[in-house]
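Novice: Have a look at this fold, sequence not included:
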């Protein structure tokens, strides 16, 4: 009888699950949409019970319904790094504070950076403190919600929350821990306990495992709720982008995954461990590996916003209109900082802009300009990586934005880089199933389930046009930064008034 691996990923705007065989064959997949709560300007939250656990349970039941083949391993990934404070019983004490798209802890970022020292933070943790970091969010919790902090004993992320619910084990994988700046020592691959005590005194730290290591087995109670047989091994899992990178064979130095999702994210396997200030240096999925990462605050979120703004037409219609529009959107340039920006500028108070609008522009021009704006952001990050001596040699494109050829084609034309598109674009859940297969010994740790379906090549004839537009894009942020920051303060004041 063929064995099955269950992989589930908890994403920003949806959760996905897959059943796969040890040879990588997909048996079944499923998806559930959910919302991000934004109770205040700059905040982004998920209810761990109503979103993370409810999605996992529903996906498990849907995927396993009527299945007769045995499930021999479970892997889970999720958005991160996140902060979910829990009490000694494992009960969530508030909604989870999400990764870098949540920008509430700017004051704490500045204070911790001054207290610990920018150079020391970079040398020890591999990354500067930004809105992506967990440490400042813990400090924010201590300051602004003391009643919650007084009951906080532990913290979880999306993947480790599901693992704890399934197994009862309090664990976190090394990669996720390496994004808990400044709480993790990158070179030593252990918790920086002195800084933990400085930032979050009394916090009990999770046991560290590598993503493919078995954290525990499904308990009888969890089996009753999920339908997964009791005793099934569960691996530690990791943050979604790294699981997805694994799923498409991004393993060797110079390999990069470019993820087209609600946000745009880049993960590149690095040949050395030298920290680079405008990027995130982290551990990889396996022991002894390192990665460089860059992430934009919006990408697919922009297209969804625009679709809602113009009355909700099918995405296919918007894509067709954009494809019929001349490259360069007839002289439009979008600054895609609608939710602030992460790398490489790390400015939560940055704001979006559209430059060049005339009465002749229609929604096709604007939709294409949004796609091109994200492509300019990708190019900016790739240039920063190249300046750090880490220009990618191979780019694999993944995520919902790869469906249809327009968006990847625009990114290749703007950046000058070819992109491989895998045959399977299931996403991080597919990598979770692979981690479960590795952890349970069903496949070799070097196993690769990737099959390339297409290669998107850049159109050299468009290079000059996009070079000019990109130079305008790079000028736009410095020219609008002061005004954008003032507007951000006004938006925050308006949000405070509504409370």
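Specialist: In hand now; what should we look at? Because the structure is a prediction, the values reported are computed rather than measured.
Novice: switch to C-alpha atoms for all contacts and neighbour counts from now on
Specialist: OK.
Novice: Please give the number of neighbouring residues around the spatially closest residue to residue 265 that is not a sequence neighbour.
Specialist: Spatially, and ignoring its direct neighbours in sequence, residue 265 is nearest to residue 295 (4.3 Å; C-alpha to C-alpha, 6 or more residues apart in numbering). By other C-alpha atoms under 10 Å, the residues close to residue 295 number 25.
Novice: What residues does residue 295 make contact with?
Specialist: Residues near residue 295 by C-alpha atoms under 8 Å, 6 or more residues apart in numbering: 263-266, 342-343.
Novice: Let me know the distance separating it from residue 7.
Specialist: Remark: distance between residue 295 and residue 7 (C-alpha to C-alpha, to the nearest Å) = 24 Å.
Novice: ok so, going back, now the residue nearest to residue 265: phi and psi?
Specialist: The phi and psi values for residue 295, taken as degrees, to the nearest 10, are phi -150, psi 130.
Novice: same thing with the one 4 residues further on?
Specialist: According to degrees, to the nearest 10, the main-chain angles of residue 299 amount to phi -160, psi -80.
Novice: so it touches residue 258, yeah?
Specialist: No - under the criterion of C-alpha atoms under 8 Å, residue 299 is not in contact with residue 258, lying 11.8 Å apart.
Novice: Give me the pLDDT for residue 389.
Specialist: If you check residue 389, the pLDDT there is 78.
Novice: give me the number of residues near it?
Specialist: Residue 389, neighbours per other C-alpha under 10 Å, totals 12.
Novice: And residue 320, by the same measure?
Specialist: Neighbours of residue 320 using other C-alpha under 10 Å come to 13.
Novice: same question, the one 4 residues further on
Specialist: As a burial measure, residue 324 scores 13 neighbours (other C-alpha under 10 Å).
Novice: The one 5 residues further on now?
Specialist: Residue 329 has 23 neighbouring residues, counting by other C-alpha under 10 Å.
Novice: Could I get the contacting residues of it?
Specialist: 365-366, 368-369.
Novice: Swap in 6 Å and give it another go.
Specialist: Counting by C-alpha atoms under 6 Å, 6 or more residues apart in numbering, residue 329 makes contact with 365, 369.
Novice: Could I get the buried residue list for stretch 345-361?
Specialist: By neighbour count with 16 or more other C-alpha atoms under 10 Å, stretch 345-361 contains the buried residues 346-351, 353.
Novice: so which of these comes closest to residue 75?
Specialist: Checking those against residue 75 with C-alpha to C-alpha, the nearest one is residue 346 at 31.6 Å.
Novice: Check what pLDDT that closest one gets.
Specialist: We have a pLDDT of 89 for residue 346.
Novice: That one and residue 4, how far apart?
Specialist: Residue 346 sits 42 Å away from residue 4, taking C-alpha to C-alpha as the criterion.
Novice: shaky segments in the chain?
Specialist: Residues of the chain meeting the criterion pLDDT under 70: 1, 273-274, 495-499.
Novice: switch to 80 and redo it
Specialist: 1, 271-277, 388-389, 404, 424-425, 494-499 (pLDDT under 80).
Novice: rewinding a little: turn the buried residues of stretch 345-361 into TSV, columns for secondary structure and distance to residue 12.
Specialist: Output for the buried residues of stretch 345-361, formatted as TSV (DSSP: H, G, I helix; E, B strand; the rest coil; distance: C-alpha to C-alpha, whole Å):
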residue	secondary structure	distance to residue 12
346	coil	20
347	strand	21
348	coil	18
349	coil	21
350	coil	21
351	coil	21
353	strand	24
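Novice: can you put those residues in TSV and add distance to residue 476?
Specialist: TSV is the format used below for the buried residues of stretch 345-361 (distance: C-alpha to C-alpha, whole Å):
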residue	distance to residue 476
346	16
347	14
348	16
349	15
350	11
351	11
353	8
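Novice: if we can go back for a sec, separation between the residue nearest to residue 265 and residue 345?
Specialist: Residue 295 is 10 Å from residue 345, where distance means C-alpha to C-alpha.
Novice: Also residue 390?
Specialist: Per C-alpha to C-alpha, residue 390 is found 18 Å from residue 345.
Novice: What residues sit buried inside the longest helix along the chain?
Specialist: Scanning the chain for the helix with the most residues, using DSSP state H, yields helix 463-498. Neighbour-count burial for helix 463-498, counted by 16+ other C-alpha under 10 Å, picks out 463, 466, 469-470, 473, 476-477, 484-485, 488.
Novice: With distance to residue 275 as added columns, please give the residues you listed in a markdown table.
Specialist: Putting the buried residues of helix 463-498 into a markdown table (distance: C-alpha to C-alpha, whole Å) gives the following:
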| residue | distance to residue 275 |
| --- | --- |
| 463 | 32 |
| 466 | 31 |
| 469 | 31 |
| 470 | 27 |
| 473 | 27 |
| 476 | 28 |
| 477 | 25 |
| 484 | 30 |
| 485 | 29 |
| 488 | 31 |
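Novice: Thanks a lot, catch you later.
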